[in-house]
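Colleague: build the 3D model from these lines:
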Amino acid sequence: MPISPYLNGRQFDPETRRVLGVAFELVCVTLGRIGESDEGVRRAIADKLIDPAGTGEHNPDLLCERALDEIRGRQAA
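Modeller: From the prediction side, this is the model:
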C-alpha cells in the first residue's frame, strides 16, 4: 500500500519517500487488517509519519514507533 496518495503535494527525495513507504507499511501491518474502505485510517497514519520525516527523521522503525505511540495515545519519546 503506497504512501504517495497521502503526501498532499509535499516533495521528498527518493530515499525519504522509500523510508516513508516502509514506515507506512510497518504501521499498517502492526495495526492489523486495514481494508480498502479505511481511507481515513490510512490518511491518519500517513499524517503521523510525514511531519517527522519532513523535519529530518529517516529511520523507518522510529517513524513507525512514534506513529504507533501517537495512535495508541502515548507521548512519543
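Colleague: contacting residues around stretch 52-63?
Modeller: Stretch 52-63 is contacted from outside by Arg10, Phe12, Glu15, Thr16, Val19, Leu20, Val22, Ala23, Leu26, Leu49, Arg66, using C-beta atoms under 8 Å, 6 or more residues apart in numbering. To be clear about C-beta, it is placed using only N, CA and C from the backbone, and glycine gets the same treatment.
Colleague: rerun at 7 Å
Modeller: Here stretch 52-63 makes contact (C-beta atoms under 7 Å, 6 or more residues apart in numbering) with Arg10, Phe12, Thr16, Val19, Leu20, Val22, Ala23, Leu26, Leu49, Arg66.
Colleague: separation between Pro14 and Leu49?
Modeller: As defined by C-beta to C-beta, to the nearest Å, Pro14 lies at a distance of 16 Å from Leu49.
Colleague: neighbour count winner among these two?
Modeller: A count of neighbours by other C-beta atoms under 10 Å puts Leu49 above the other of Pro14 and Leu49, at 26 against 7.
Colleague: list the contacts for the more buried one?
Modeller: Listed by C-beta under 7 Å, 6+ apart, the contact partners of Leu49 are Leu20, Ala23, Phe24, Leu63, Ala67.
Colleague: what's the helix or strand for the fourth one?
Modeller: Remark: Leu63 resides in helix 60-71, with elements defined by DSSP states H and E.
Colleague: just the third one next, same as before
Modeller: Under the criterion DSSP H and E, the helix or strand holding Phe24 is helix 14-31.
Colleague: what angle separates the lowest-mean-pLDDT helix or strand in the chain from helix 60-71?
Modeller: Of all regular secondary-structure elements in the chain, judged by mean pLDDT, DSSP states H and E, the least confident is helix 39-54 with a mean of 91. Using axes from the mean of the first three to the mean of the last three C-alpha atoms, to 10 degrees, one finds that helix 39-54 and helix 60-71 are set 130 degrees apart in direction.
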